[in-house]
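*Asks:* sharing a model prediction with you, sequence too.
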Amino acid sequence: MKNQLLLTALAVVMIAASASSTFACACCADRGTYSVWTNAIRDYENELFKDIKFGKVAEFYMTEANSEDTHGLGALEKEWSTGVFENPDLVDAYPGNAWKLDFRSRGGLKGGLLLPRPIRMTTRRVDIPDNKSTSTEAVLYKEWILKGTVRSGSGFLRAGVASPTSFTLIFQGHGNNCDNADDFTNWRLEISGKRAIYAFFGKTEAGEKEAADLTPAS
């Protein structure tokens, strides 16, 4: 009887270990992965959007080549033309159906964008080859790409939002085949319309924490 109970207990442990291993491997990423697909946004992903918080600073994307093409930022354009401009502070909110982004320049200018969550998004997962690594498991580069129409603008961003003005919001990061909010450490926002062409980018709160953890203590 004791032997039978021991065998039963051992079988239960083995089944539990096997289930745990199977679950873990469901998240494993294979080397050579390159996948891109577009699907309807699920409840699980929408809950993760609530946990992905934008960092405190939005960097303005501009090079010498595209500076003349950038427009739609109103009074902010005068700020950088006079040399006063610095990357604006950013406050975000996501109640579950739209991103509300409020920008504040170092000169005190305020501007906001309301970006409704689209129905679908494109997911990209890529194993970027690292020929120095001998690991059999890949760490994937990830993107969640959301495209939609800007609902409204305020402050220095209001004049640039003429219907229709489109946006592309991209969350970027690294991880395995299972998505978590902390995987996405960076973001990029592109605005395009007949009165506006510009882009901002920056870190999420997870990205800011990651950067702080990597900064050597003084």
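*Replies:* Thanks, I have it.
*Asks:* this structure: helices as residue ranges?
*Replies:* Along the chain, counting by DSSP state H, helices occupy 2-26, 43-51, 75-81, 205-214.
*Asks:* in terms of mean pLDDT, which of these ranks lowest?
*Replies:* Ranked on mean pLDDT, the bottom entry among the helices of the chain is helix 2-26, at a mean of 50.
*Asks:* so what's the residue lying closest to H71 once chain neighbours are set aside bridging to?
*Replies:* Distances taken as Cβ to Cβ, 6 or more residues apart in numbering put I197 closest to H71, at 6.0 Å, once the chain neighbours are dropped. From N, CA and C alone the C-beta is placed, and that goes for glycine too. I197 has the following beta-bridge partners by DSSP bridges: H71, S192.
*Asks:* check what pLDDT the most centrally placed residue in the chain gets.
*Replies:* In the chain, the centroid-proximal residue (Cα atoms, centre = their mean) is F171; its distance is 1.8 Å. Note on F171: pLDDT of 98.
*Asks:* what residues are up against it?
*Replies:* I52, E143, W144, F184, N186, W187, T204 (Cβ atoms under 8 Å, 6 or more residues apart in numbering).
*Asks:* nearest to L76, of those residues?
*Replies:* W187 (19.1 Å; Cβ to Cβ).
*Asks:* doesn't Q172 make contact with that closest one?
*Replies:* Yes - using Cβ atoms under 8 Å, W187 is in contact with Q172, at 6.8 Å.
*Asks:* neighbour count: these two, which is higher?
*Replies:* W187 (24 against 20; other Cβ atoms under 10 Å).
*Asks:* how about the contacts made by A29?
*Replies:* A29 neighbours (Cβ under 8 Å, 6+ apart): R125, D127, E137, A138, V139, L140, N176, N177.
*Asks:* try 6 Å
*Replies:* A138, L140, N176, N177 (Cβ atoms under 6 Å, 6 or more residues apart in numbering).
*Asks:* can I get the contacts of F171 in JSON lines with distance to R104?
*Replies:* Converted to JSON lines, those look like this (distance: Cβ to Cβ, whole Å):
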{"residue": "I52", "distance to R104": "21"}
{"residue": "E143", "distance to R104": "28"}
{"residue": "W144", "distance to R104": "26"}
{"residue": "F184", "distance to R104": "24"}
{"residue": "N186", "distance to R104": "21"}
{"residue": "W187", "distance to R104": "18"}
{"residue": "T204", "distance to R104": "18"}
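*Asks:* only the buried members of those residues: can you turn that into a ChimeraX selection?
*Replies:* In ChimeraX, a selection of the buried entries from these looks like this (16 or more other Cβ atoms under 10 Å):
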select :52,143,144,184,186,187,204
